[in-house]
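Student: Have a look at this fold, sequence not included:
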């Protein structure tokens, strides 16, 4: 448990999708429970002396940002991050991904992966992660325990998948009843773990409709209702997935998930690239939202998720790396990818078409909106009081060293500095990480920072 | 001048657009001029003892790659890297870029920027850079001198731009005659610099047709013919630029540049997104090629350059960061962006369209083709004997530490390791850099490497 403390720092955050707030030299006070108590300007007439009561002074060359929220990660795919990205989704799943996920029957292997992944993600600034684990209960519980151990805020879901055609026989739940029972036991096991209250929570995780029988989907919907546990799944990711559900259930993916009780307040639907307007309205009414995974979508979604239109329609939208469908585990990098893909949606891609009608004008977002998705938007999607450096929020934050980010006083105002941070900062720029008021800076970062050579 | 030496290392390179070659533990011998003399397998029965005659043993966890070739950089835009990317090209130029470039009348400012930029690019593995400088002769000569000083292979071009409508009056050559004279003097000044023979060369650089009068374009074409100096410029980057030339010259950009004598063997045309089939045929016949800048294109080109079709048509294609139109100065990162944008061209972006006809099927490239563009393809574009680790080539190479790139022996074969290197390695993974046989590892990299903390 952290004691209360005060940090002096300049900060950036994004209270709304198009609003960047920059506050120079603030005193951020965090109470003993990890809640931000106050954020007030340091005496503007101050000299550079650290005022009485300041426990941590970040200095003029380091800024504080809200911690980053990754709303969609496949934890067992960590070892295949950045590979296999020349394949179609179905091939990628059956030739690479399912064989890898099947290995997690071996808890020792799982433990090795989690011990690599969780600190690496913290070092990249991911203070909250929403994980799909594997079908295995012990490996899933071990993942939740690793999050507790390293202090990462997380939702951890055992993956339910029992469809005899949509899954390989060597990697599936035996039948619908087994799928639901194992998910229920996993919810209980994660809830029972010792650790900081509320930090690591279970989440009910049917993989996606093509991998689940109707009986399993119905049972998982009932489990969510009975236990009040959140739900995550994939929805209308690609033409293939979208078409599968239309053919099998004669309705859209979102509509079908909804009738099984799998679309509720703060449900996380990954990708959702091919939503109809009616789907979107339905999700807004339910309070569900989308984990937008821009880089992964370029590879597997057959189109670009319309982030601008979705946010404007009131849909909850967070950002996801979709490890390992996305080739980059850093949420900050995904902010850049989100802007890039929105620009290509805006302009279109095929030069042989007339400019009018080539793209979807009005689709572009900028880096502020992307960062909002990665922080306050993701927090709203998940119903977590994080994502902003404001009183009442839990203190999930990162300290970013500006040295090495190419700041030039001659040309950069605060907005340009912010753009450089989001586009250029990486694990080597992130100096400290806090979750729920606790300093959880990974040992590797602490070592690098202490040596003072990491910002080259 | 380097003495001859032998390196023991495993290596990867791409001799053809779709060919990845992996060679475990080779002895690479470089002669005293910097030319690769031989690449032969180390005795396969060897123990881990370093054989007699090996000067540098990279060990099992570091691999050798060809140095990266950035075929399109605007050097004076270095201070604005990663900013302003929510604007249209014309606004970006006039509101941000031209005012910044105009500052380089101040040579002291220019020197500060070059001293930041050249070592940073070397640290990111850019062993060859093709620079647009500014209109200023002293700043341009200083850039060439900085490349000599730090040992980076480069083409450096003073930017010619004299059009009274296409340029601001506070940042242009006074008239066509002045533009040509200043370019001629800059060619001479760069050629006269003391330094390693052939390392840094001038390149004639009309900015693009919208910024140049016909008289300047004609004069620069004559200058190229008279001096045998290569040419670079922009060509058909966006709808706006493409349309400007069609309207002004009643022919395409490529055709118009050609009639001015500005399209020849190894001419570097940046972007070339909107080429017609006839343009492409013309460029292939001339031996000219394209600096493909995938990330920049997503922001400013209104479409995706068809890399696959262009390579298949026999067009020379290299990769460019287009600093600062592209938000990332690392060529390896551009490899990822090239694959990503090719996938979006292949699939299309607008979900409201039918999958058939949404994109341009057959457009996708993979990471091998992207890396080929960044090395052997770029070398072919420029007519330089680099880009491969093969006898007869100059030794331009980087040593990449595999530690921290997430290699898992359980799942990774050589091709997957290569994909992880290209997608995940950054300045913190690059341990040593050689150009023309000379170790030019920047001091910052050497410091980090010596401390042993950079690979976390």
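Tutor: It's in. Fair warning: this is a prediction, and the values are worked out from it, not measured in the lab. Residues are numbered from 1 along each chain as shown, chains lettered A, B, ... in the order given.

Student: contacts for the host helix or strand of residue A:223?
Tutor: Element membership for residue A:223, per DSSP states H and E: helix A:214-227. Contacts with helix A:214-227, where a contact means Cβ atoms under 8 Å, 6 or more residues apart in numbering or on different chains, come from A:160, A:162-163, A:173, A:176-177, A:179-180, A:183-184, A:187, A:204, A:206, A:209, A:212, A:229-231, A:257, A:260-262, A:264. C-beta here means a position set from N, CA and C on the backbone, and glycine is covered the same way.

Student: tell me the SS of the residue most central in space within chain A?
Tutor: A centroid search over chain A (Cα atoms, centre = their mean) returns residue A:70, at 1.3 Å, as the residue closest to the centre. Three-state call for residue A:70 (DSSP: H, G, I helix; E, B strand; the rest coil): strand.

Student: wait, isn't it in contact with residue A:328?
Tutor: No: applying Cβ atoms under 8 Å as the test, residue A:70 and residue A:328 come out as separate, 11.1 Å apart.

Student: if I look at the residue lying closest to residue A:350 once chain neighbours are set aside, how far off is residue A:226?
Tutor: Nearest residue to residue A:350, sequence neighbours excluded (Cβ to Cβ, 6 or more residues apart in numbering or on different chains): residue B:360, at 5.4 Å. Applying Cβ to Cβ, to the nearest Å, the value for residue B:360 to residue A:226 is 49 Å.

Student: Looking at these two, which one has more neighbours?
Tutor: residue B:360 (21 against 10; other Cβ atoms under 10 Å in any protein chain shown).

Student: Provide a list of residues in contact with the more buried one.
Tutor: Applying Cβ under 8 Å, 6+ apart, the residues near residue B:360 are A:349, A:350, A:352, B:306, B:345, B:346, B:348.

Student: Sketch out the helices for the stretch 201-350 of chain A, chain order is fine.
Tutor: For the stretch 201-350 of chain A, applying DSSP state H, counting those that start in this stretch gives helices covering A:214-227, A:239-249, A:253-259, A:277-286, A:294-300, A:307-312, A:331-347.

Student: Is it possible to get JSON lines of these that adds mean pLDDT?
Tutor: Output for these, formatted as JSON lines (pLDDT from 0 to 100):
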{"stretch": "helix A:214-227", "mean pLDDT": "98"}
{"stretch": "helix A:239-249", "mean pLDDT": "96"}
{"stretch": "helix A:253-259", "mean pLDDT": "98"}
{"stretch": "helix A:277-286", "mean pLDDT": "98"}
{"stretch": "helix A:294-300", "mean pLDDT": "95"}
{"stretch": "helix A:307-312", "mean pLDDT": "98"}
{"stretch": "helix A:331-347", "mean pLDDT": "97"}
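
Student: want to throw these into CSV with distance to residue B:281?
Tutor: Formatted as CSV, the helices of the stretch 201-350 of chain A follow (distance: least, Cβ to Cβ, whole Å):
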stretch, distance to residue B:281
helix A:214-227, 55
helix A:239-249, 35
helix A:253-259, 46
helix A:277-286, 45
helix A:294-300, 30
helix A:307-312, 39
helix A:331-347, 26
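
Student: Now, the contacts of helix A:214-227 that are in strands?
Tutor: Secondary structure assignment by DSSP state E places A:160, A:206 of the contacts of helix A:214-227 in strands.

Student: So, low pLDDT: which residues of chain A?
Tutor: Scanning chain A for pLDDT under 70 picks out A:1-2, A:44-51, A:450-456.

Student: Isn't residue A:412 up against residue A:418?
Tutor: No: using Cβ under 8 Å, residue A:412 is not in contact with residue A:418; the gap is 9.5 Å.

Student: Settle it for me: which of these two has more neighbours?
Tutor: Between residue A:412 and residue A:418, counted using other Cβ under 10 Å, residue A:418 has the larger neighbour count: 23 against 19.

Student: mind checking how far that one is from residue A:10?
Tutor: Distance from residue A:418 to residue A:10, by Cβ to Cβ: 11 Å.

Student: what touches both of the two?
Tutor: Residues within reach of residue A:418 and of residue A:10 at once, by Cβ under 8 Å, 6+ apart, are residue A:22.

Student: thinking again about what came up before, between the contacts of residue B:360, identify the one with the most neighbours.
Tutor: Neighbour-wise, these (other Cβ under 10 Å) top out at residue A:349, 31 neighbours.

Student: That one and residue B:432, how far apart?
Tutor: 38 Å.

Student: pretty sure residue A:117 contacts residue A:74?
Tutor: No: counting by Cβ under 8 Å, residue A:117 sits too far from residue A:74 to count as a contact (10.7 Å).

Student: do stretch A:248-257 and chain B meet?
Tutor: No: using Cβ under 8 Å from any Cβ of the partner chain, we find that stretch A:248-257 stays clear of chain B, coming within 12.6 Å at best.
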